[in-house]
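Student: For reference, the sequence and a predicted model appear below.
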Amino acid sequence: MKIIALLPARLQSARIKEKLLKKLNNIPIILHTANRVKLCSLISEVIICTDNKKIKNLAEENDFKVLMTRKNFSNGTERIASIINKVKADLIIDVHADEAILNPENLKKLINFHNKNKHFDIIVPHKKSNSSEDENVVKLAFSKKNKVIYFSRAKCPFPFRQKGNFFHHLDIISFKPNALRKFKKLKMGILEQKEGIELLRAIENDLNIGTFEIKTNTFSINTPSDFSKAKKKMKNDKFFKKYIENISL
């Protein structure tokens, strides 16, 4: 199988200025993410999808392929869907570009799960957590057969009768190429407009989304607090030393 990782990368960020170029252990976040994806043996190619020349130049200096996109996208899924006809693959893995502490083994688990569950158009893994307050973290609800029913930034499912875990959406997503082609043609629906979660567009249009649990302590860098946590975590990170010598700045 040919499996391609696409990293949607925009420079502007509301909470951290030029986040993807911000240095974590002297290396820009985008290069941490791209190099960690590259460590996954099942990934055939890593492609950065961006509208920004700073990101383009940095990526190409570090031997990563770049596909330029237009600027006006509402989200990363729209960005990677816009170039789907420029790539040929059996699976597309969407990796949010701020996954600087990504564990490459999580990508392998995602790919293997999708290969064994091909009835799903899209796979969004989750991790269990007792936390529900952060609206930047998307929670999900799913059926006994691992079909995603809903995504929300709110407490979901709401602990009205019983307390318990929440299920946090991880920012690594597997798409069948045709699912991205369909998504490209869809318009934003009511649920997505309210929640600001683009995969609700897929649910509203009956694309089949699956999920499974990955036990992991990784997280996306969305806020200054996340950046500080990532900085501490990187000090003892076992993957960092595997690519640090390959970085060109």
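Tutor: Received the coordinates, thanks. Numbering: from 1, shown residues only.
Student: Contact partners for Ala202?
Tutor: Going by Cβ atoms under 8 Å, 6 or more residues apart in numbering, Ala202 touches Asp121, Ile122, Ala179, Phe183, Leu186, Ile209. No exception for glycine: its C-beta is placed from N, CA and C like everyone else's.
Student: Got a quick PyMOL command for the buried subset of these?
Tutor: Buried residues among the contacts of Ala202 (16 or more other Cβ atoms under 10 Å), as a PyMOL selection:
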select buried, resi 121+122+179+183+186+209
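Student: what distance separates stretch 98-108 from the centre of its chain?
Tutor: Here stretch 98-108 is found 9 Å from its chain centre; the criterion is Cα atoms, centre = their mean, to the nearest Å.
Student: Give me the buried stretch members for that stretch, please.
Tutor: In stretch 98-108, counting by 16+ other Cβ under 10 Å, buried: Asp98, Glu99, Ala100, Ile101, Leu102, Asn103, Pro104, Asn106, Leu107.
Student: Report the secondary structure state of His168.
Tutor: The assignment at His168 comes out as strand when based on DSSP: H, G, I helix; E, B strand; the rest coil.
Student: what about it, distance to Ser228?
Tutor: 19 Å (Cβ to Cβ, to the nearest Å).
Student: gap between the two ends of stretch 119-126?
Tutor: 18 Å (Cα to Cα, to the nearest Å).
Student: who touches stretch 222-239?
Tutor: So stretch 222-239 is contacted by 15-16, 22, 24-25, 36, 39, 98, 100-101, 103-104, 136, 217, 219-221, 240 (Cβ under 8 Å, 6+ apart).
Student: which residues touch the nearest residue to Lys139 once chain neighbours are set aside?
Tutor: Distances taken as Cβ to Cβ, 6 or more residues apart in numbering place Cys156 nearest to Lys139, at 4.5 Å, with adjacent residues excluded. Listed by Cβ under 8 Å, 6+ apart, the contact set of Cys156 reads Ser132, Lys139, Leu140, Ala141, Tyr150, Phe166.
Student: Now for those: which two are most distant?
Tutor: Ser132 and Tyr150 (14.3 Å; Cβ to Cβ).
Student: rewinding a little: for the residue nearest to Lys139, give its distance to Thr223.
Tutor: Taking Cβ to Cβ, one finds Cys156 at 20 Å from Thr223.
Student: Surely Leu20 forms part of a strand?
Tutor: No. Using three-state DSSP, the assignment for Leu20 is helix, not a strand.
Student: quick one, what contacts it?
Tutor: Applying Cβ under 8 Å, 6+ apart to Leu20 gives the contacts Ala9, Arg10, Leu11, Ser13, Pro28, Ile29, Ile30, Ile55, Ala97, Asp98.
Student: can you tell me which helix in this protein is longest?
Tutor: Identified as the longest helix of the chain according to DSSP state H is helix 104-116.
Student: Which other helices and strands does that one contact?
Tutor: Judged by 3 or more Cβ pairs under 8 Å, 6 or more residues apart in numbering; DSSP states H and E, helix 104-116 is in contact with helix 29-38, strand 91-95, strand 122-123, strand 172-175.
Student: In three-state terms, label Ser248 for me.
Tutor: Ser248 ends up coil, using three-state DSSP.
Student: okay, now it: neighbour count?
Tutor: 9 (other Cβ atoms under 10 Å).
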